[in-house]
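Q: Sequence first, then the predicted structure, then my questions.
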Amino acid sequence: MNRQADPSSRHFVTADAVARAAQVSRSTVSRAFTPGASVSPEARSRVMKVAAAMGYRVNRLAQSLIQARSRLVGLVGSNLATPFHGSQVAALSEALLAADMQCLLLNADRSGSDVAPLIETLLEFRARAVVILSGTPPTTIVEECRRSGLRVILINKPLPELAAHTILCDDAAGARLAAERLLAAGCRRLAVIGSASGTASITRRIDAFSAYIAARGLSSVVWSQGPTGYETGLRAVRGLLGARQGGMEQAGPEIDGAFCVTDLIAMGFMDGARHELGWGIPEEVSVIGFDDIPQAAWLGYRLTTLCQSMPRLVDAVMAALADEEEPPPGTPPVMLPVALVERGSVRQ
């Protein structure tokens with residue numbers, strides 16, 4: 001009769017057990033698993049052979065406590081299921097693993113804007129750094145992180161009063177590129193579609209677009225309702241373009257060009273304009289998004305959008321992790337450029 005092992009009897013193989021089996025000292029086992037450490041080839045080979053047979057794995061947590069230098073990096077963010085945040089997590093976690101660091105993902109969806117409890121968890125784990133993708137940390141917790149040696153890296157959170165590495169997408173430049181492109185397409189009745197979230201990035205994009213249009217003697221309608229997602233784009237269509245009922249159009253403010261502050265909002269806007277109202281894109285309404293998520297290139301959308309360079313974001317985060325000095329308050333952020341990606345949602 002086959003019997004399953006008693007779960008209470010299961011345990012990790014220790015370095016002491018490997019040392020006894022290989023007939024070497026505990027320190028020899030440690031050096032054998034430390035790149036560049038001094039150990040003879042014969043001893044290393046014997047330790048590795050015994051460790052493989054016993055199923056031994058290095059205890060990285062204990063190793064980091066001994067070395068006083070953790071390899072654990074926390075990623076804190078909300079809306080992680082969205083394509084853009086999913087791409088951020090995938091790119092950053094891959095880079096961390098390539099740099100021999102461990103990634104701890106903390107979902108901030110239930111914490112709202114208060115990410116302090118999640119950062120406290122990382123302090124308890126003696127993490128090396130926390131990368132905050134969304135949410136705003138209070139000054140007190142950032143100061144505690146600084147005293148404890150936990151590096152704080154803020155993505156798209158301009159908080160100059162904090163001693164933290166800050167990396168910003170050049171949202172304002174991207175919004176101006178969108179405005180230039182719509183004007184070049186002959187659009188004169190313009191709208192910028194945001195959401196009610198009021199994040200720093202969305203606010204910068206809306207303000208920069210509106211200011212650019214106003215500086216050229218035109219006006220733009222601002223729509224800022226609902227969550228930052230596909231459904232908001234649909235709602236904006238109904239509010240801005242009107243709903244046709246029985247062949248009669250109940251007109252809202254007519255527009256011929258729309259800048260949507262995210263690609264998901266732009267996709268909802270395009271689907272609503274085409275399928276609910278029968279408007280042609282780009283023939284009757286030109287649309288530009290922001291983020292260049294993979295779905296923006298799908299044939300059903302071919303969305304012209306602003307691209308944030310994910311490789312540059314990763315490079316900036318890894319450079320902040322490698323920096324031995326904390327930036328003093330007021331240090332200018334690292335600014336990541338954006339580029340306009342032309343597809344088929346804007347008139348030529």
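A: Cool, the structure landed.
Q: What segments of the protein are strands?
A: Assigned by DSSP state E, the chain shows strands spanning 72-77, 102-107, 129-132, 151-155, 165-169, 190-193, 220-223, 243-245, 248-250, 257-260, 286-291, 304-308, 334-336, 338-341.
Q: Can you list the helices and strands that the fifth one packs against?
A: Think strand 165-169. strand 151-155, helix 310-322, strand 334-336 (3 or more CB pairs under 8 Å, 6 or more residues apart in numbering; DSSP states H and E). The way it works is simple: take the backbone N, C-alpha and C, and place the C-beta from them, glycine included.
Q: swap the cut-off to 6 Å and go again
A: Applying 3 or more CB pairs under 6 Å, 6 or more residues apart in numbering; DSSP states H and E, we find strand 165-169 packed against strand 151-155, strand 334-336.
Q: try the third one
A: Using 3+ CB pairs under 6 Å, 6+ apart as the contact criterion, the secondary-structure elements in contact with strand 129-132 are strand 72-77, strand 151-155.
Q: Just list whatever residues bridge to I155.
A: Assessed by DSSP bridges, I155 has beta-bridge partners I167.
Q: can you give me the helices for the chain?
A: For the chain, the helices defined by DSSP state H occupy 15-22, 26-32, 41-54, 60-67, 83-98, 116-124, 139-148, 171-184, 200-215, 230-240, 263-271, 310-322.
Q: The ones you listed into CSV, with extra columns for distance to V131, mean neighbour count and mean pLDDT?
A: Shown next, in CSV, are the helices of the chain (distance: least, CB to CB, whole Å; neighbours: other CB atoms under 10 Å; pLDDT from 0 to 100):
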stretch, distance to V131, mean neighbour count, mean pLDDT
helix 15-22, 31, 18, 87
helix 26-32, 30, 19, 84
helix 41-54, 33, 15, 87
helix 60-67, 18, 13, 53
helix 83-98, 7, 17, 92
helix 116-124, 10, 17, 78
helix 139-148, 12, 15, 76
helix 171-184, 19, 21, 97
helix 200-215, 16, 19, 95
helix 230-240, 26, 22, 91
helix 263-271, 22, 26, 96
helix 310-322, 6, 17, 94
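Q: And these: which comes nearest H165?
A: The closest of those to H165 is helix 310-322. By CB to CB, the value is 3.9 Å.
Q: chain center to that closest one: distance?
A: The chain centre lies 12 Å from the centre of helix 310-322; the measure is CA atoms, centre = their mean, to the nearest Å.
Q: who's in contact with E144?
A: E144 makes contact with no residue, according to CB atoms under 6 Å, 6 or more residues apart in numbering.
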